[in-house]
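Enquirer: just to be clear, the model below is a prediction. Sequence and coordinates:
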Amino acid sequence: MRNIMRVLLATLASALLLFGPVAATPAKEAPWLPEAAAYRLTLFLGNLEPLPWDDIETAWTEPYRGSEFSVGVLAWLDRKSDIEPDGLLDAIMREDLQAVFAEATRLVALRIEENLDRALAAEESATAQLAVQTARELYRAFEDGIAAADPEAARRIGLAWLELNSSTGSAGVLGAGATSADRDTMEAARAVISGYLAENYLLDSFAPRRTLSALPETAVLSGKAIEVPPSLPPGSDIFDQDPLPLLVLNFEEQGIDETDLPLVAYGDMLFDSAQLFGSPAQDLGIACSTCHNRSDVNQRLFIPGASHQPGAIDVDGAFFNPIFNDRRDDPLDIPSLRGLRFTGPYGRDGRFASLRDFTRNVVVNEFGGKEPTPFMLDALVAYMLEFDFLPNSMLTTDGRLTDTTQEAARRGEEIFNTPFVGLGDRSCASCHVPDANFLDRQAHDIGSVAPGYEGARAGALDTPTLLGTAYTAPYFHDGSLPTLAAVVDWFDETKSLGLTEEDRADLTAYLETVGAADEPYEAFDTENTAFRLAFAELTTFASTIDTLLPRRDAEHILLLTDTVAADLSADASTMSNLPARPEVYALAERLAAVGAAVRADDWKAAEASWTAFKSEADAIEERAF
Amino acid sequence: MPVHLTRRTILTLVGAGAVSLATPLAAQDVTLRLAFIPQENPDKLLGDIEAITGWLAEEIGVPVEGFVTIDHAAAVEALRNGDADISFMGALPFVLAEAEIGAVPLLSEVYRDAPSYTGRIFVRRDSGIGALADLRGRDIAFADPISESGYLYPLAEFVEAGLVEGPGAAEEFFGRVFFAGGYQQAMQAMAEGLVDAAGASQYADLLLTPQQQAEVTWIAESAPIPSHLVIARPGLDTDLQARFVDAMLRLNAPENREKLRYLYGPDGYVRADSAAYDGVRDMARQYGLLR
């Protein structure tokens, strides 16, 4: 249930070599230069099947999603470079992936060279530094490939960039502190970088690639199997939404402490654990809560090639688990899990009667995880069954509007309950049954799904609840309708309901009232911070060790310590109380020590570290913000 | 009125036409020109400048134009030759600009409740380096030679510890001294193991990934450094100066705080206290930057 907003910059986040457990804590990347971004997008999209050629073309013609640059690569090159992208555009037009790879690789390498030329030719230090910085940022497009294949070369080149920047000199301020450029050192450092580029990226032809990556050509030719750590391309967004949805857990509302519900607490941890999934989701820190943050939806989630719009994802595409790739471009709007125990069957088309079966399918098939143990599935289900709908004081328990609601909404309620010929003499309420949480647990084909083939009878979808929907736009399985008003219009038009403009406004007001909540979002302040919430949750997760240690349950303890120690450490980066950060790092190490002892089968040491963890966690709780 | 911008140092100009009718100055041809220094992407800065100059124009009642200079030095030159009236500036370039051209401090940035911060010496936690003396013969990356928190103040810690004789003698103590180009680059070089230490702002570790942040620590912290400022050229109309300062201070109001992100993202501004920069003046003298 925890997955908090990250606000830090990390230029090389995507190029990091990741060791050990990965935290479900994405790092915000520094902006990519347009051509480096397009290159990274091309590598990512080029590995998808079927290949999204339109997206590849867009990667080079338009700014990437969320780019700080207002223009795409072509306009950018026109402004900044003498390099002509004709060969690349031609290769894209011909849909020749190997040629696209070769042309794109050369283009980025040439751009680095162009900027290195400028740096060397610059008379002013500031101009040279700007060119070096630009070249360095372009080099980032290749960096993870070089680091994976040849750490020594990566280090040599890293030092060369430092040398190069250092030797550009400084203009000082009005002459004070001015130092002149050291041309010889600049030349020598440049030679290190350019030599490597010439051998690996600035080539007339490249060996055929089965998988596109930034691996240097010499590494590919060596035939060695080298894994480049998975990364998401520029334009991806796996951060939690802001404001963060409020989580309503049934037991919590009743005043029951989660630490007294070890199975639920363990499930809560799993819901937040990337360890549950296989690569690449696990490497990228993607967990259940990445899409379903706080049991709700993550409206900002976007992965190029897998999302057609924010808040949608194709979980049976090529990226997460190729064996489960259905080869259909059918991203779904992420559904809310609020009130999950009332919303079965599961899946947009209700294909799973059992939440347990559905969950296993998500873990194993959609995200390539190992077969979860019965304990893990029990825990996940136990936790998810605690998800409650958001309280809404404008609704009675049987789903009628209270007297305090607006006139328009009350008129809308009448329309909602009125049978229409266009609905087969049924009303909206026939399926969205007010005293059954506004759903009927059945699948209906309302004509919202385009048939996949002629004669297909595959358009029936599970009736979704209307509760909490004021905060889960857009609507319909594919997120094609942006507002509740658009949903009303859609029904009015496609079902010939014959509503007047006022009727539509009233019905919309009703839906907005039903979908509203007293308190939809988490409220944070200077001390009740996102980190405090994370800290409370992570220590609660850890509390299940009290149950698992006496059982000597190594497998589940390790899954927990790997997840929670990494998350606690990574989450410390979001603390506003910076002086307390080292204590949180030490606490995370304490938990990692529990795991290390269990791995070594030293249960006594594990118990000692666990006891120390508990007392240290109590001691720093107050400063954990 | 357009600014005559032929100097190579000035990259781009953004004009804000919006002018409030509320309290126009008598001289309608007055335009306030602000110089900005790019920290990352000049393209983004242009959008930010447009947003903030538009707001300032309405608040002050005169047209406000903003332009991006290549660095601090270029901004100071723009102040000197009248291309800019006001500029955003680091503490060190400010004291140099003050000495050379009589630049006037107007506002200081506030971060985390203070108009000051520190410089630190960062190392990797697994490096075994626990004290400044351990860095003898080892490599260090600083941000920039004209950076108070990214060079002067962190280096002064070595001088104070008796390890470095004085400015200019750093090479004798360290293995190699690099200027990486910025905090982030210096920190990244340290985190990746290209160098053994980095000298940078106390907050510079926040520029690393969460995982990297857990892997680094700091072994020395400098005296407080007064924060970056907003400065004016000498001779700028005092009434216009006052209006500008008042408008900038209104950015501290809750309803305006959102706009601070267009201005390098401080938590707010306070009126600059010139005496607070005495330490920087002393430091600049020690380094031979100031007579």
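Expert: All right, it came through fine. Numbering: from 1, shown residues only, chains lettered A, B, ... in the order given.

Enquirer: pLDDT of the lengthiest helix in chain B, averaged?
Expert: When every helix of chain B is counted residue by residue (DSSP state H), the longest turns out to be helix B:42-60. Here the mean pLDDT over helix B:42-60 is 86, rounded to a whole number.

Enquirer: could you say what helices and strands it packs with?
Expert: Here helix B:42-60 touches strand B:10-16, strand B:32-36, strand B:64-69, helix B:238-249, going by 3 or more CB pairs under 8 Å, 6 or more residues apart in numbering or on different chains; DSSP states H and E. In short, each C-beta sits where N, CA and C put it, glycine included.

Enquirer: turn the ones you listed into TSV, columns for mean neighbour count.
Expert: Compiled in TSV, those are given as follows (neighbours: other CB atoms under 10 Å in any protein chain shown):
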stretch	mean neighbour count
strand B:10-16	19
strand B:32-36	25
strand B:64-69	25
helix B:238-249	17
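
Enquirer: compile these into JSON lines and extend it with columns for mean pLDDT and distance to chain A.
Expert: Compiled in JSON lines, those are given as follows (pLDDT from 0 to 100; distance: least, CB to the nearest CB, whole Å):
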{"stretch": "strand B:10-16", "mean pLDDT": "45", "distance to chain A": "10"}
{"stretch": "strand B:32-36", "mean pLDDT": "95", "distance to chain A": "13"}
{"stretch": "strand B:64-69", "mean pLDDT": "93", "distance to chain A": "9"}
{"stretch": "helix B:238-249", "mean pLDDT": "96", "distance to chain A": "22"}
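
Enquirer: what helix or strand is residue B:108 located in?
Expert: strand B:104-110 (DSSP states H and E).

Enquirer: do the helix or strand that comes right after that strand and chain A meet?
Expert: Scanning the chain past strand B:104-110 towards its C-terminal end, the next helix or strand to appear is strand B:116-117 (assignment: DSSP H and E). No. Contact of strand B:116-117 with chain A (CB under 8 Å from any CB of the partner chain) is absent, the minimum separation being 11.5 Å.

Enquirer: now do strand B:116-117: distance to the chain's middle.
Expert: For strand B:116-117, the distance from its own C-alpha centre to the chain's C-alpha centre is 11 Å (CA atoms, centre = their mean, to the nearest Å).

Enquirer: which secondary structure elements does that strand contact?
Expert: Counting by 3+ CB pairs under 8 Å, 6+ apart, the packing neighbours recorded for strand B:116-117 are strand B:225-226.

Enquirer: partner strands of the strand it packs on, parallel or antiparallel?
Expert: Taking DSSP bridges as the criterion, strand B:225-226 sits next to strand B:116-117 (antiparallel) in its sheet.

Enquirer: quick one: average pLDDT of the strand it pairs with?
Expert: Per-residue pLDDT values across strand B:116-117 average out to 94.

Enquirer: what about the chain, any weak spots by pLDDT?
Expert: Here I'm looking at chain A. A:1-28 (pLDDT under 70).

Enquirer: wrong chain, I was asking about chain B
Expert: In the prediction, chain B carries residues with pLDDT under 70 at positions B:1-29, B:40-44.

Enquirer: what about residue B:279, which SS state?
Expert: Going by DSSP: H, G, I helix; E, B strand; the rest coil, the secondary structure assigned to residue B:279 is helix.

Enquirer: list the contacts of the residue nearest to it when sequence neighbours are not counted.
Expert: Beyond its immediate neighbours in the sequence, the residue positioned closest to residue B:279 (CB to CB, 6 or more residues apart in numbering or on different chains) is residue B:223, lying 6.5 Å away. By CB atoms under 8 Å, 6 or more residues apart in numbering or on different chains, the contact set of residue B:223 is B:118, B:153, B:156, B:279.

Enquirer: is it true that residue B:223 lies in a strand?
Expert: No. Remark: residue B:223 does not belong to a strand; assigned using three-state DSSP, it is coil.

Enquirer: against residue B:165, how distant is it?
Expert: Computed with CB to CB, to the nearest Å, the distance linking residue B:223 and residue B:165 is 19 Å.

Enquirer: so which residue is smack in the middle of chain A?
Expert: residue A:238 (2.0 Å; CA atoms, centre = their mean).

Enquirer: might one say that it is in contact with residue A:306?
Expert: No. Contact criterion CB atoms under 8 Å: residue A:238 and residue A:306 do not qualify, at 11.0 Å.

Enquirer: tell me, what's touching these two both at once?
Expert: Overlap of the contact sets of residue A:238 and residue A:306 (by CB under 8 Å, 6+ apart) is empty.

Enquirer: just the strands from the stretch 51-200 of chain B, written as ranges.
Expert: Taking DSSP state E, counting those that start in this stretch as the test, the strands found in the stretch 51-200 of chain B are B:64-69, B:86-89, B:104-110, B:116-117, B:119-124, B:140-142, B:177-179, B:197-201.

Enquirer: mind listing what's buried in stretch A:392-410?
Expert: Residues A:392, A:394-395, A:399, A:401, A:405, A:408-410 are the ones in stretch A:392-410 that count as buried (16 or more other CB atoms under 10 Å in any protein chain shown).

Enquirer: do stretch A:85-98 as well
Expert: Of the residues in stretch A:85-98, those buried by neighbour count under the rule 16+ other CB under 10 Å are A:85, A:88-89, A:91-92, A:97.

Enquirer: out of those residues, which sit inside helices?
Expert: When those are checked against helices using DSSP H, the ones located there are A:88-89, A:91-92, A:97.

Enquirer: okay, the residues you listed in a markdown table with distance to residue A:31 next?
Expert: Supplementary listing: these in a markdown table, determined by distance: CB to CB, whole Å:
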| residue | distance to residue A:31 |
| --- | --- |
| A:88 | 22 |
| A:89 | 24 |
| A:91 | 26 |
| A:92 | 24 |
| A:97 | 27 |
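
Enquirer: closest to chain B among those?
Expert: In terms of CB to the nearest CB, no member of these lies closer to chain B than residue A:88, at 22.1 Å.

Enquirer: which helix or which strand is home to the residue in the stretch 201-350 of chain A that chain B sits nearest to?
Expert: Across the stretch 201-350 of chain A, no residue is closer to chain B than residue A:285, which sits at 9.7 Å (CB to the nearest CB). When elements are assigned from DSSP H and E, residue A:285 belongs to no helix and no strand.
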